[in-house]
Each structure stands twice: as C-alpha cells, then as structure tokens.
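>>> the following comprises the amino acid sequence and a computationally predicted model.
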Amino acid sequence: MTIVGLDDTDSRERGMCTTYVASEIAEQLRDEGDIARLLLVRLNPAVEHKTRGNAALAIHADCAFDRAFEIAHNSLESLAETADERTNPGLVVADHGPESIPESVGAFAVDAIRDHLEISEAANLIDERGYRSWGAGNGRGRIGALAAIGSWRSLSEWTAEYISYREPERWGTTREVDHESVFAAAEWGYPDVWDTVDCGEDETVCVPHTPGPILHGIRGDDSETVRRVADRIDAEPIDSSRLFLTNQGTDAHLRDGTIATARDGWAYRLDGRVATAPETRRGGHVFVTLEDAAENSLECAAFEPTKRFRDRVRSLRVGDRITVCGEVSRGTLKLEKLGVRELVETERVTPTCPDCGRTMKSAGRDQGYRCRDCGTDTDEKPLIPLERDLEDGWYEVPPCARRHIAKPLIRGGFDAPTHPER
C-alpha cells in the first residue's frame, strides 16, 4: 500500500476544495487497486498561513508507489488554484501502508495540529523517510500533506463527514438546497449527526457559501448515519459523494496550559477566576479578564459571530471560577467553549433601614452604615443570595460559529454537565 497526502489546493476567491481534489485522485487510484479510506485532517486553526478550513487530506491506497505519485501529481497540477498566489499546494507520497507510519511522522502530525511548523521541517523529514513530494509556489502545502500521512498513527479519535459535490457546470452559482429538508434531516440524525443546522439562527450550517464544488457536508459520529442524513436532503443533482474519516469535532487542537504560560498561536484549556466584569465593546464583542492565583491575567473574548454565546459570557461575575477553551491571538483568547466550575452565589449590598426601609448611608470610613432619618446603624453590608442565569457545566458557541475541529458538547466525554447548542 501507499499513502498519498495533499494540502492547499483551494482559493478563497477562485474556489476549489482539497477534499474534492482528494476524491478525484481516489477515483483514479481505485482503478489500480482498493482504497482503504480517505482522511480529512484539520490542522492548527491558529496558524498564519492556514487555508479556509485548514484541512489536509490523506488517501490509503493499494497502488504502486510511483504510480500513486504520478496520478496525484497530475491531478494537483490540473485542479489546484495556483493562479491565486496564496495557494501553495503540496503533495507527499509514502511508500508504505498506514500500519508502518514512523513515530517521527506521527509526531509531526500532532505538531501540525497544535503547533507551528516550517516548510524546511517538512522537507527534511520527507527526505529522511525517502518519501516523494511535489509543491507549487513555495510548497507550503507539503507541511499539511505530511501531517495527513502521519495522522493515522497519532490520532485515536475519528469522526465522519459525508461530502456531496456539485455538477461542475454549477460551480460558482447559487446552491439549490431545500431549507426545510435540511432541518428535517438534521432532526432525524441528531445527536449522532451534529452541526448540520443552527436552530437558533435558522441556518443550514452544512451548506457552504463559497464558490467551490461542495454542495453539503454532513458530520457525525458514524459513517452510516451521515450517509443517511445526506440522502434525506432535497437538493440539486449531485455529481459525486465521498466519505471521509476526520478529526473534526474532537478538540484535537487544544492543549492543557496555564494563564502564565499561554502564548499566541496555540489553543488551550485554561482554568482561572473571572477578574473583571464582562464588557461589551464596539461591534458587539464581549470581553472578560481571567486570572490565576498569582494574578497572572489573560483577556478572553466572545466575538460577535458567536451570537447567543455572548449572553453566557455576559452572565459571568467577578469571582466565578471557570475553564476556557480557545486560541490565543494577539494576547486574547478567542472563546470556543467555557466550563463553569464555581459560581459566586451571594453579594454584599448597601443595607436598608429596618425601621423605615430607606437605603442607609456610609457613616464614614470603617464606621459602618447609618440611617440619616432614624439613626439606626449597622457595621457592614449584608450578604444576599444572587440569582444567576448560569449553572455549573459546559457552554459552547452555536453551530454557526463552531470551528471544524472543536468538539460539540452533544458528543459527550466532558467532565461536568453540558448545555449543548443546536
């Protein structure tokens, strides 16, 4: 067997999609022998030069090494949108099957998902392993291509996506997909199939808005259910469909860290205490500061596209203890989800006079409070219970704002109660 890895064939303006290129290559490789699987691997969403979805693809094929390279090379040269100077496709072909992936290549895949890598690092490892490669432009796509090859060894959790492609003559035109049928299919497949729609925003999340070849992509926990949901959608004619195993919906990009050591370009799970009251700034973005016991602090933000999740952040109060997840960029953590660990349940308020019911006034520094009418006094502000709009547990951004790699709460496996969005 051989493994074909590829990345960076699409353009934000001109279209194309690396999953489509991989599907076309797989169809040709099938004439040479069996195709075991196709992998769709989401890489670090925080890297500067990421593609639109930052996906790299791998094909596990029963095909001769040189022949696999020839087929894949020809397809990339004809399909990659290299007219866009920001598109730098890469191809890597390994002369072994998935069971023989070296440890170093598996480790490279983990780094590509959680860290930042240079083209030279990929080139050196490709040479060291004796793989064949090709790249256009600066060849940056070889980073993702090599990572896709190594992913089968390094990742333990896989989900499924079933992608249906448009007829080529329809590319760039408005997609014809029946809105109601998508919602009905999503309801039928939930919770095994997720992020198909956003009920709160009345949005068909599975249908892209870019000029590329994808009609819709259905994500879920198992291959059979995503196929069946796709079959329930009424839409324009489908040219072809393909099933991918993927690390989408797994939180594979997150690393445990601390506020003191958090740095730009990495995605984290961080524990801390809310240090400032939430603040809504221009554009509708909501900011709050988190700090640790040593008073190291980090600004966290729920940006406007996260919609109703911002109300969760606005409900936080100084003193709440939470866990936050997201990418750090320019010193700010972009919130993907948060876990409420401990809520402040009482607050001190200015006392009222027990005789006349009026608000008491300060009697002077460290002298308590006194009613100016009745002369009644008290030493300190009383504690009263707080009504909170939050409960313990995990909250998340809605499907319309979720990153491909982020794990939806409905998938389970979290360490506290969950409050899923759908």
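That came in fine, so what should we check first?

>>> how does the chain divide up, domain by domain?
Listed domain ranges for the chain are 2-154, 159-246, 254-345+387-419 (source: automatic domain parsing).

>>> can you say which of those domains is packed in most?
Highest mean neighbour count of those: domain 2-154, a mean of 21 (counted as mean count of other CB atoms under 10 Å). All C-beta atoms are positioned from the backbone trio N, CA, C, and that covers glycine.

>>> now that one: average pLDDT?
Per-residue pLDDT over domain 2-154 has a mean of 90.

>>> can you show me the helices along this structure?
18-29, 65-79, 103-114, 119-129, 141-154, 179-189, 223-231, 309-314 (DSSP state H).

>>> need the ones you listed in TSV with distance to Glu295, can you?
Shown next, in TSV, are the helices of the chain (distance: least, CB to CB, whole Å):
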stretch	distance to Glu295
helix 18-29	45
helix 65-79	52
helix 103-114	28
helix 119-129	37
helix 141-154	37
helix 179-189	45
helix 223-231	47
helix 309-314	21
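
>>> closest one to Arg321 among those?
Of all the helices of the chain, helix 309-314 sits nearest to Arg321, with 14.8 Å by CB to CB.

>>> need the contact partners of the closest one.
By CB atoms under 8 Å, 6 or more residues apart in numbering, the residues outside helix 309-314 that reach it are 278, 280, 284-286, 288, 300, 302, 304, 335, 338, 389-390, 395-398, 401, 421.

>>> and stretch 173-188, by the same measure?
166, 193, 196-197, 199, 204, 206-207, 215-216, 229-230, 232-236.

>>> can you check which of the helices of the chain gets nearest to Asp7?
Smallest distance to Asp7 across the helices of the chain (CB to CB): 2.9 Å, for helix 141-154.

>>> if I pick Thr18, what's in contact with it?
Counting by CB under 8 Å, 6+ apart, Thr18 has contacts Leu6, Asp7, Asp8, Thr9, Asp10, Thr51, Ala55, Ala56, Leu57.

>>> go again using 7 Å as the cut-off
If you count contacts by CB atoms under 7 Å, 6 or more residues apart in numbering, Thr18 has them with Leu6, Asp7, Asp8, Thr9, Asp10, Ala55, Leu57.

>>> ok, now Thr346?
Counting by CB under 7 Å, 6+ apart, Thr346 has contacts Leu383, Ile384, Pro385, Leu386.

>>> in strands, which of the residues you listed appear?
Those of the contacts of Thr346 mapping onto strands are Leu383, Ile384, Pro385, per DSSP state E.

>>> so who does the last one touch?
Counting by CB under 7 Å, 6+ apart, Pro385 makes contact with Glu345, Thr346.

>>> mind redoing it with 6 Å?
Thr346 (CB atoms under 6 Å, 6 or more residues apart in numbering).

>>> thought Lys278 was touching Leu290?
Let me fix one detail, which is that residue 278 is Pro and not Lys. No: counting by CB atoms under 6 Å, Pro278 sits too far from Leu290 to count as a contact (11.3 Å).

>>> make TSV out of the domains of the chain and add distance to Met360.
Converted to TSV, the domains of the chain look like this (distance: least, CB to CB, whole Å):
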stretch	distance to Met360
domain 2-154	52
domain 159-246	44
domain 254-345+387-419	23
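
>>> which among those is found nearest to Arg358?
Nearest of these (CB to CB): domain 254-345+387-419, 23.7 Å.

>>> start to end distance for that closest one?
20 Å (CA to CA, to the nearest Å).

>>> pLDDT averaged over that domain - what is it?
97.

>>> elements contacting the longest strand anywhere in the chain?
Taking DSSP E as the criterion, the chain has its longest strand at strand 332-342. Taking 3 or more CB pairs under 6 Å, 6 or more residues apart in numbering; DSSP states H and E as contact, the helices and strands that strand 332-342 lies on are strand 297-302, strand 321-329, strand 393-396.

>>> can you list these in TSV and add distance to Glu27?
TSV is the format used below for the helices and strands packed on strand 332-342 (distance: least, CB to CB, whole Å):
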stretch	distance to Glu27
strand 297-302	42
strand 321-329	35
strand 393-396	37
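
>>> thinking again about what came up before, adding distance to Ala185, write the contacts of Thr346 out as JSON lines.
JSON lines is the format used below for the contacts of Thr346 (distance: CB to CB, whole Å):
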{"residue": "Leu383", "distance to Ala185": "51"}
{"residue": "Ile384", "distance to Ala185": "49"}
{"residue": "Pro385", "distance to Ala185": "45"}
{"residue": "Leu386", "distance to Ala185": "42"}
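
>>> quick one, what contacts Pro408?
Trp194, Gly249.

>>> give me phi/psi at it?
phi -70, psi 140 (degrees, to the nearest 10).

>>> between the two ends of stretch 276-291, how far is it?
Termini of stretch 276-291 sit 9 Å apart (CA to CA).

>>> next: stretch 374-388.
Stretch 374-388: ends 34 Å apart by CA to CA.

>>> how far away from the center of its chain is it?
46 Å (CA atoms, centre = their mean, to the nearest Å).

>>> Val197 and Thr246, how far apart?
If you measure Val197 against Thr246 using CB to CB, to the nearest Å, the figure is 19 Å.

>>> I meant to write Asp7 there.
14 Å.

>>> what do you get for Phe108?
Distance, Phe108 to Thr246, by CB to CB: 18 Å.

>>> what's the answer for Leu91, then?
For Leu91 relative to Thr246 (CB to CB), the value is 20 Å.

>>> and what of Lys337?
19 Å.

>>> ditto for Asn74
26 Å.
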